[in-house]
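A.B. asks: here are the coordinates; sequence isn't available:
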């Protein structure tokens with residue numbers, strides 16, 4: 001009874017393709033009708049449990065709401081707490097009790113302990129209560145296929161070294177998937193766990209280690225590399241890297257875990273559970289890409305905004321501002337907004353300057369018909385609704401010297417729960433634009 005876990009918007013497409021490949025297959029799909037109410041969801045899992053299906057296709061959001069048994073979850077959380085305790089002791093011994101890494105590890109440990117205690121006390125979430133009595137083990141699933149598995153890479157790694165730059169705390173859905181994989185292995189179905197992704201490693205080397213925790217933990221244990229410290233010491237190097245400061249003015253040197261060593265041994269281990277397919281293997285007919293950098297001079301208002309970011313960063317580094325008031329991540333986001341579309345910041349300070357990147361590019365390419373101009377809006381959703389509304393009007397009308405852009409512009413606005421589609425201006429070829 002294979003279970004296919006797919007992105008929410010691809011459930012129907014997966015079902016259609018499955019039936020195209022296997023017309024006589026008996027498949028069960030968790031569509032919209034099966035998620036209209038808590039009772040409908042319970043009925044669906046009951047059908048999974050009692051039916052003989054060739055495939056069960058479920059959206060990832062609903063899959064993460066159904067857990068393994070409470071006893072198994074508590075046992076796994078207890079093991080995770082022990083890992084954090086050991087990491088805290090190591091970090092305190094190497095760096096002292098006051099080191100920020102020790103504090104972050106302690107916070108992660110307390111978070112897991114709190115969740116474990118709530119589970120023991122029966123303080124379950126609303127989703128858990130709606131699915132009371134239904135456990136993953138009882139479904140009869142003996143094969144698990146996860147599409148777009150890179151969404152589950154944020155598995156916490158208790159590590160004492162701050163230089164490694166790893167994520168210390170886990171996302172709940174990642175811990176949940178790890179629990180299910182461990183149960184399938186214990187049930188004798190270790191070979192029936194398959195992940196599919198185009199980006200198994202994208203941001204951090206720990207992602208490769210986490211993929212092996214999901215798919216081949218036995219190999220890690222046999223090699224004596226079941227802790228990340230041992231794995232990192234064997235296959236990785238900490239090297240100094242030059243990075244742009246968060247406020248965007250100057251560079252800084254950081255120690256990062258960014259280079260592999262013992263690569264043949266690492267690839268031999270990885271290839272035991274990995275089948276890699278490249279573009280050459282499938283002979284994709286890809287179009288050629290031409291990149292044309294356009295240098296946009298900074299305006300006076302942008303320069304003023306960057307100076308403000310520098311002053312904010314100084315206060316944050318000195319510890320004079322509480323992190324909930326201001327922090328380097330918020331400064332980075334404001335810097336991106338100032339660079340991409342600085343009216344986002346300028347309107348807040350009544351400093352309006354229409355020479356932004358959008359207008360600059362449209363001025364230089366106004367005669368290049370057939371060129372689509374794509375704008376990705378980045379901003380705070382709730383606080384900046386007036387700014388976003390004004391931005392949409394500017395895009396639709398064209399402002400100042402860029403009114404010609406209104407005739408060739410397609411623009412898109414992504415909502416949190418849905419994609420809005422609004423009639424946009426017509427292109428010169430007569431096709432309707434989409435918003």
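C.D. replies: Now that the structure is in, tell me what you want to look at. The structure displayed is predicted, hence computed values, not measured ones.
A.B. asks: residues near residue 56, how many?
C.D. replies: By other Cβ atoms under 10 Å, 24 other residues sit near residue 56. Quick note: C-beta positions are derived from backbone N, CA and C, even for glycine.
A.B. asks: no wait, residue 314
C.D. replies: 12.
A.B. asks: where's it, which helix or strand?
C.D. replies: Assigned by DSSP states H and E, residue 314 belongs to helix 300-317.
A.B. asks: and that helix, what does it pack onto?
C.D. replies: helix 328-340, helix 343-346 (3 or more Cβ pairs under 8 Å, 6 or more residues apart in numbering; DSSP states H and E).
A.B. asks: which residues touch the helix or strand encompassing residue 265?
C.D. replies: Per DSSP H and E, residue 265 falls inside helix 263-270. Contact with helix 263-270 is made by 208, 212, 216, 219, 223, 234-235, 260, as judged by Cβ atoms under 8 Å, 6 or more residues apart in numbering.
A.B. asks: Output those residues in JSON lines; the columns should cover pLDDT.
C.D. replies: Below are those laid out as JSON lines (pLDDT from 0 to 100):
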{"residue": "208", "pLDDT": "86"}
{"residue": "212", "pLDDT": "92"}
{"residue": "216", "pLDDT": "92"}
{"residue": "219", "pLDDT": "91"}
{"residue": "223", "pLDDT": "90"}
{"residue": "234", "pLDDT": "89"}
{"residue": "235", "pLDDT": "88"}
{"residue": "260", "pLDDT": "80"}
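A.B. asks: Surely residue 44 forms part of a helix?
C.D. replies: Yes. Counting by DSSP: H, G, I helix; E, B strand; the rest coil, residue 44 is located in a helix.
A.B. asks: okay, and for the stretch 301-435 of the chain, where does confidence drop off?
C.D. replies: 340-435 (pLDDT under 70).
A.B. asks: rerun at 80
C.D. replies: 301-302, 336-435 (pLDDT under 80).
A.B. asks: How about the secondary structure of the residue lying closest to residue 228 once chain neighbours are set aside?
C.D. replies: Once flanking residues are discounted, residue 228 sits nearest to residue 157: 4.7 Å by Cβ to Cβ, 6 or more residues apart in numbering. Assigned state for residue 157: coil (three-state reduction, three-state DSSP).
A.B. asks: Report the separation between residue 157 and residue 243.
C.D. replies: 21 Å (Cβ to Cβ, to the nearest Å).
A.B. asks: The two: which has the busier surroundings?
C.D. replies: The neighbour comparison of residue 157 against residue 243 (other Cβ under 10 Å) goes to residue 157, with 24 against 10.
A.B. asks: In the protein, what residue spans correspond to strands?
C.D. replies: Counting by DSSP state E, the chain has strands at residues 2-6, 27-29, 55-59, 143-147, 193-196, 236-244, 251-260, 423-426, 432-434.
A.B. asks: Export those as a markdown table, with columns for distance to residue 293.
C.D. replies: Formatted as a markdown table, these follow (distance: least, Cβ to Cβ, whole Å):
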| stretch | distance to residue 293 |
| --- | --- |
| strand 2-6 | 38 |
| strand 27-29 | 46 |
| strand 55-59 | 40 |
| strand 143-147 | 35 |
| strand 193-196 | 35 |
| strand 236-244 | 17 |
| strand 251-260 | 20 |
| strand 423-426 | 27 |
| strand 432-434 | 26 |
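A.B. asks: Tell me the pLDDT of residue 64.
C.D. replies: With respect to pLDDT, residue 64 scores 91.
A.B. asks: since we're on it, how many residues are nearby?
C.D. replies: Using other Cβ under 10 Å: residue 64 sits among 21 other residues.
A.B. asks: How about the contacts made by it?
C.D. replies: 172-173, 176-177.
A.B. asks: please redo it, this time with the cut-off set to 7 Å
C.D. replies: Counting by Cβ atoms under 7 Å, 6 or more residues apart in numbering, residue 64 makes contact with 173, 176.
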